[in-house]
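In: Got a predicted structure here, sequence first:
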Protein chains: 2
Amino acid sequence: MSKLLIRNLRPMAGEACDLLIEDGRIARIGKGLDASGTAVEDAGGAIAIPGLIEAHTHLDKTLWGMPWYAGRKGGVLQDLIDNERNERIPLGLDVHRQSMRHALRLIENGTSHIRSHVDIDTDHGLILLEGKLRTREALAGLVDIQIVAFPQSGLMVRPGTYELMDEALSAGADIVGGLDPSSIDRDPKASLDATFALAVKHGKPIDIHLHEPGELGAFTLEMIMERTRAEGLQGMVGVSHGFCLGMPDQARVASLIDQVAELDIRIFSNGSPKATCPSLQALRAAGVKVGIGCDGIRDTWGPWGQPDMLHRARIVGMKNSMRRDDELELLLDTASSGGAAAIGVDGHALEIGAMADLTLVAGETLAHAVVEEAPRPMVIKGGKVVARAGKLCVEGVVAP
Amino acid sequence: MSKLLIRNLRPMAGEACDLLIEDGRIARIGKGLDASGTAVEDAGGAIAIPGLIEAHTHLDKTLWGMPWYAGRKGGVLQDLIDNERNERIPLGLDVHRQSMRHALRLIENGTSHIRSHVDIDTDHGLILLEGKLRTREALAGLVDIQIVAFPQSGLMVRPGTYELMDEALSAGADIVGGLDPSSIDRDPKASLDATFALAVKHGKPIDIHLHEPGELGAFTLEMIMERTRAEGLQGMVGVSHGFCLGMPDQARVASLIDQVAELDIRIFSNGSPKATCPSLQALRAAGVKVGIGCDGIRDTWGPWGQPDMLHRARIVGMKNSMRRDDELELLLDTASSGGAAAIGVDGHALEIGAMADLTLVAGETLAHAVVEEAPRPMVIKGGKVVARAGKLCVEGVVAP
């Protein structure tokens, strides 16, 4: 039985104590625990939280570590989609290499679970998925990766995509993705019927990108909710971005959020400074399970972002006018235990019996830990120390 | 004559060359310059830009380096104003110490000029100004600090404030501040008449915080513009935030921006993710001089921010949906030469005869330099190296 004793840590910013891990799970939490027969680490009095959750990103898109890319476009969403699809091969964007770079930095910054979309399109077939499956295998035990098969170039508008999505879900993708059934697919009924059919066929959850603003987005969201109810898929459907839930009509938004909560639809937000984002506080107050995600990091779409969930939490916090400590604690929870529940990982907490996925963070309090820009002192995944002071420390794994 | 030769730098990301500084000014730029009789620094091929400009901050407010402050409030603007005024003394917020901490970190991050507001209110009289004047003196030669006398608690609503503003402007404040003449002062005519009277009396520029949204802000902005025209103060008036210029009515906004440009009113933005901000691109396209500012950094109002103009530029860039290299170059200019023009510092450029205020930045291109999170390799102010690798290197100056 492998054992690790961590001395002098403060679970959730509480009193300093020890934490004993046995076979990858938290076995005991208390003061002055017996260290005989165990490896020992000293946390130096740092706060410990459950591992951070990256609930929405695109590991197959980043240009991190590649030469500066000067070819970004303006224009509408479709222009950015086309630019990326056309540029992937000329740029030499190797999905395995790039997703390794991206995921390893997320690990160094304390991330224990990643939900990543991967493009499925008729130009690339399943090769992007294959690169990401290799990354998931290479990082097994260091981070858990959920893969969403994502029809980035549209499901209905590019014939052959449905069949590729079907194959992807048989080949290892965990979740059925979708993209703007009205504004991109131009046929919300057929697009959503197809998406839900794939989910039912494969018995897998759904996660739909919904950038559509205002009443258009609300209309599409209603269609998503109708199908969720009709198919009995409560708790199995997620909506990413949901910009329509940030529209000004507060009564309309409140009614939509009530239905989202009732159907246990999960919401994933990147807190985009430029968009109308759903209120994190309103969603959480209604009992909606919410995750936050960095979305794309320095890719062909845009130059922004860091592969660090606390960096993203700060953007989400600023976007939501969070100031008080209780708000910052809600934010941190959404980036950790709350986000885990939203992506379907239960029991993600510093409790006896839970998986020993924990991250030490700098700061005096949980609120302070959210805003402090500092490396994570230590990252533990499944009971194993995987990073120290913001640097990977796993034998045989090197960031490419 | 003091001389410094910097070898192997890339001015504005151009070809590598040398730059000779004589008596604090740029004397020559070229390849293989003669180093005889000069101190020599090697820039290692880094990009050089004119020093960064912090165009809107509050050096007298930060809690940086103090114990975590858990007393932040929600509520409306007035609640946050009152909380701060009441908490300054109990918290031990020493303005000189805190403004030193804040300004030194701005210097380490490549800032050559700071425009900082300082609260003038009837509870504190001029003691906050005095603390900041000490900081300006202590940092003379390391950074230029402009001080705005800022009636944070209101000018008309707290009798005695006008007289204190008048004293502050005689005692060393450079600029007449203001705050929401309609929504906070409840008397826009009297408030603006008083503000402009102070400017005329002291022959000093104006910089008014205008948070008022939508048509209320547009109304107040019109009153500011009427007085600018009537008093012939073109080029002497600034508006900070200007959230009304981010309202949805595009035709109305375009008309206001035309008038702002015609009257050479300067706009200062923090790119607040939660607010309706003026479009940086639209302002610059209309010829408006724009600066960007971090605003408050970890103060009693909010926990957010870093004392780093590139950190703030990234927030402004995300807010303005900037993606392309030309947009990122415009953004960097606004944080540098463009921002200097906005705060009234002319000739802030890497040119012969200009002050030798320059910052080396990490990255392959100017666009890359905006998004890369890395310490500034070197910061030069008035021909003197003041920071290396993000750390101050000036004898006798220690961050408190």
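Out: Perfect, thanks for sending it.
In: residues making contact with stretch A:27-43?
Out: Applying C-beta atoms under 8 Å, 6 or more residues apart in numbering or on different chains, the contact partners of stretch A:27-43 are A:3-11, A:17-21, A:350, A:352, A:360, A:377-378, A:385. Just so you know, the C-beta spots here come from the backbone N, C-alpha and C atoms, and that holds for glycine as well.
In: Just want the most central residue of chain A.
Out: In chain A, the C-alpha nearest the mean C-alpha coordinate belongs to A:A55, at 1.5 Å (C-alpha atoms, centre = their mean).
In: Just say helix, strand or coil for that residue.
Out: strand (DSSP: H, G, I helix; E, B strand; the rest coil).
In: if I pick it, what's in contact with it?
Out: So A:A55 contacts A:115, A:268, A:291-293, A:339, A:342-343 (C-beta under 8 Å, 6+ apart).
In: Out of the residues you listed, which sit inside helices?
Out: A:339, A:342 (DSSP state H).
In: A:E84: what's it in contact with?
Out: A:E84 neighbours (C-beta under 8 Å, 6+ apart): A:61, A:119, A:152, A:299-301.
In: Select from those residues the one having the most neighbours.
Out: A:K61 (27 neighbours; other C-beta atoms under 10 Å in any protein chain shown).
In: what's the closest residue to that one other than its chain neighbours sitting at in phi/psi?
Out: By the measure of C-beta to C-beta, 6 or more residues apart in numbering or on different chains, the closest residue to A:K61 outside its immediate chain neighbours is A:D299, 3.9 Å from it. Backbone geometry at A:D299, expressed as degrees, to the nearest 10, gives phi -120, psi -170.
In: wait, isn't A:D299 in contact with A:L63?
Out: Yes. Counting by C-beta atoms under 8 Å, A:L63 is a contact partner of A:D299 at 5.8 Å.
In: Identify the contacts common to the two.
Out: With C-beta under 8 Å, 6+ apart as the test, A:D299 and A:L63 reach no residue in common.
In: What segments of the stretch 251-400 of chain A are helices?
Out: A:280-285, A:309-319, A:325-334, A:337-342, A:366-371 (DSSP state H, counting those that start in this stretch).
In: do the stretch 51-200 of chain A as well
Out: Using DSSP H, counting those that start in this stretch, the helices assigned to the stretch 51-200 of chain A run over residues A:77-91, A:95-108, A:127-138, A:161-170, A:188-202.
In: by contact count, what packs against the shortest one?
Out: For helix A:161-170, the contact count by 3 or more C-beta pairs under 8 Å, 6 or more residues apart in numbering or on different chains; DSSP states H and E identifies strand A:144-150, strand A:175-179, helix A:188-202 as packing neighbours.
In: Determine the number of other residues adjacent to the closest residue to chain B within chain A.
Out: Residue of chain A nearest chain B, by C-beta to the nearest C-beta: A:P273 (3.7 Å). By the criterion of other C-beta under 10 Å, A:P273 has 25 neighbours.
In: phi, psi of it?
Out: According to degrees, to the nearest 10, A:P273 has phi -60, psi -30.
In: residue ranges with poor pLDDT in chain A?
Out: A:1 (pLDDT under 70).
In: contacting residues for A:A387?
Out: Neighbours of A:A387 in contact, by C-beta under 8 Å, 6+ apart: A:107-108, A:110, A:376, A:378-379, A:393-394.
In: Count the neighbours of A:V394 for me.
Out: 16.
In: for A:K274, same thing?
Out: 15.
In: Which entries within the contacts of A:A387 meet the buried criterion?
Out: Buried by 16 or more other C-beta atoms under 10 Å in any protein chain shown: A:107-108, A:110, A:376, A:378-379, A:394, out of the contacts of A:A387.
In: Residue numbers of chain A in contact with chain B?
Out: Selection of chain A residues close to chain B by C-beta under 8 Å from any C-beta of the partner chain yields A:67-68, A:70, A:72-74, A:271-274, A:298, A:301-304, A:306, A:314-315, A:317-321, A:323-325, A:327-328, A:363-365, A:367-368, A:370-371, A:373.
In: doesn't A:L128 make contact with A:H117?
Out: No. Using C-beta under 8 Å, A:H117 is not in contact with A:L128; the gap is 10.2 Å.
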